[in-house]
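Undergrad: show me how the following folds:
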Amino acid sequence: MESHSATCFFFFFAMVLAFFAIKGDGLQRRTYIVRVRAPENTSFVRSKEDLTNWYRSFLPPIPVNVADSRLIYTYSTAIVGFAANLTEDEVRYVEKKEGALKVYPDRILPILTTRTPEFLGLQARHGFWDTNGMGKGVIVGVLDTGIKPGHPSFDDTGMPSPPPKWKGACEFEKRSGEDPTDVVGHGTHTAGTAAGNFVKKANVLGNGNGTAVGMAPYAHLAIYKVCQSIGCLASDILAGMDAAIDDGVDVLSLSLGGDSLLFFNDVIAIGAFSAMEKGVFVSCAAGNSGPTNSTLSNEAPWVLTVGASSMDRKIKATVKLGNGQEVEGESAFQPAHFPSK
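TA: Numbers count the residues shown, from 1 in each chain. Reported below is the predicted structural model:
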């Protein structure tokens, strides 16, 4: 798909169904991420095919066509390594190979108003927005559930072409039969929060009426679909990070995360470190739980960990209990004909 001034570029990474136990030849396999030591001499890696062949050498002796079907992803920028479907015996074989650093079982990570820009003091012709051009020239890579390309937040009227550093392309792949656009809504929401264009008269059921806009409305969006409704596989996230770094994004936005892990066991933290080394700013969600112990996600010091905050506005709603008592609270939904006293 070709676009001259579009702010959105689409990529789809299939939810790896092989994450779940597979019994095809009497042996149980699941997805693992294999991290390997980068070779000191890289002269033999001149193409993606060379890299794939090298990664294949870490697998047990099996026919080439079978080895290819076992390989799910080959990584080159976020980490040096690959994702593959392996049995437990095969994992032990790979772990003994010279150059193999660590094998990680794949895991599923969960996906974690109009007033906000004004509350933050962002104005079109004054202050921070004015001095930085509202994000003009910046490419934000969003790794999430995809995007609804027809959403008004992504109207690219007046947007310039992406900067020359952009090396990506619009790709729609349906390897797993899933829709490559956003069928969940989470990715559309997070992308709009990051760099959605100005949308006037936005509201939720008449509440919060105003102009909805992202934090960097003139930035370009690169969308990488790495999540489905059930969550996001670490192997898919790494593939998205790998492609985004190679494509030339300036910022990586990941509104997802799982349980806290030691950094050397957290492939997302490892991928974020590689991104940081290449000058890519990484922003991740702090999580949806808390504030009890061990509820923080994405706490690596080289990542901007973003949590929720309070605001200076409340949208009040009334709940009427069965005994007739009414309690006031906050909600974006209030029936129009609420039988209140």
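Undergrad: any idea how far apart the tips of stretch 35-52 sit?
TA: 14 Å (Cα to Cα, to the nearest Å).
Undergrad: walk me through the domains of this protein.
TA: 8-12+110-306, 17-105 (automatic domain parsing).
Undergrad: can you lay out these as a markdown table showing mean pLDDT and distance to K314?
TA: No exception for glycine: its C-beta is placed from N, CA and C like everyone else's. Converted to a markdown table, these look like this (pLDDT from 0 to 100; distance: least, Cβ to Cβ, whole Å):
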| stretch | mean pLDDT | distance to K314 |
| --- | --- | --- |
| domain 8-12+110-306 | 85 | 10 |
| domain 17-105 | 85 | 41 |
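Undergrad: between those domains, which one is nearest to G322?
TA: Closest approach to G322 among the domains of the chain (Cβ to Cβ): domain 8-12+110-306, 24.2 Å.
Undergrad: tell me what K102 is bridged to.
TA: Bridge pairing for K102 (DSSP bridges) gives the partners R35.
Undergrad: so it sits right up against F264, yeah?
TA: Yes: with contacts counted by Cβ atoms under 8 Å, K102 reaches F264, the gap being 7.3 Å.
Undergrad: export the domains of the chain to a markdown table and append columns for distance to K320 and mean neighbour count.
TA: Listed next are those as a markdown table, based on distance: least, Cβ to Cβ, whole Å; neighbours: other Cβ atoms under 10 Å:
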| stretch | distance to K320 | mean neighbour count |
| --- | --- | --- |
| domain 8-12+110-306 | 18 | 19 |
| domain 17-105 | 45 | 15 |
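Undergrad: any chance of those domains in a markdown table with distance to L321 as columns?
TA: A markdown table is the format used below for the domains of the chain (distance: least, Cβ to Cβ, whole Å):
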| stretch | distance to L321 |
| --- | --- |
| domain 8-12+110-306 | 22 |
| domain 17-105 | 44 |
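Undergrad: among those, which is nearest S331?
TA: Of the domains of the chain, the one closest to S331 (Cβ to Cβ) turns out to be domain 8-12+110-306, at 8.6 Å.
Undergrad: how about the strands in the stretch 201-341 of the chain?
TA: For the stretch 201-341 of the chain, the strands defined by DSSP state E, counting those that start in this stretch occupy 207-212, 220-225, 227-228, 231-233, 251-254, 281-285, 304-306, 316-320, 326-330.
Undergrad: R107: which of the ones you listed is closest?
TA: Comparing those by Cβ to Cβ, strand 231-233 comes nearest, at 7.4 Å.
Undergrad: and that closest one, what other elements does it pack with?
TA: Counting by 3 or more Cβ pairs under 8 Å, 6 or more residues apart in numbering; DSSP states H and E, the packing neighbours recorded for strand 231-233 are strand 108-109.
Undergrad: what's the strand it packs on in contact with?
TA: Outside strand 108-109, the residues that touch it by Cβ atoms under 8 Å, 6 or more residues apart in numbering are F19, I230, G231, C232, L233, A234, I237, L256, G257, G258, I268.
Undergrad: let's go with 6 Å and repeat that
TA: Around strand 108-109, the neighbours that count as contacts under Cβ atoms under 6 Å, 6 or more residues apart in numbering are G231, C232, L233, L256, G257, G258.
Undergrad: who does the helix or strand containing A84 pair up with?
TA: According to DSSP states H and E, A84 maps onto strand 81-86. Strand pairing for strand 81-86, using DSSP bridges, gives strand 28-36 (antiparallel), strand 71-75 (antiparallel).
Undergrad: beyond that strand, next helix or strand please.
TA: That would be, after strand 81-86 and using DSSP H and E, helix 88-96.
Undergrad: I'd like to know which elements that following helix is packed against.
TA: strand 100-105 (3 or more Cβ pairs under 6 Å, 6 or more residues apart in numbering; DSSP states H and E).
Undergrad: for the strand it packs on, packing partners?
TA: Using 3+ Cβ pairs under 6 Å, 6+ apart, strand 100-105 sits against strand 28-36, helix 88-96.
Undergrad: adding distance to A202, write the ones you listed out as TSV.
TA: TSV is the format used below for the helices and strands packed on strand 100-105 (distance: least, Cβ to Cβ, whole Å):
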stretch	distance to A202
strand 28-36	40
helix 88-96	50
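Undergrad: quick one: closest of those to T318.
TA: It's strand 28-36; of these, that one is closest to T318 (Cβ to Cβ) at 48.7 Å.
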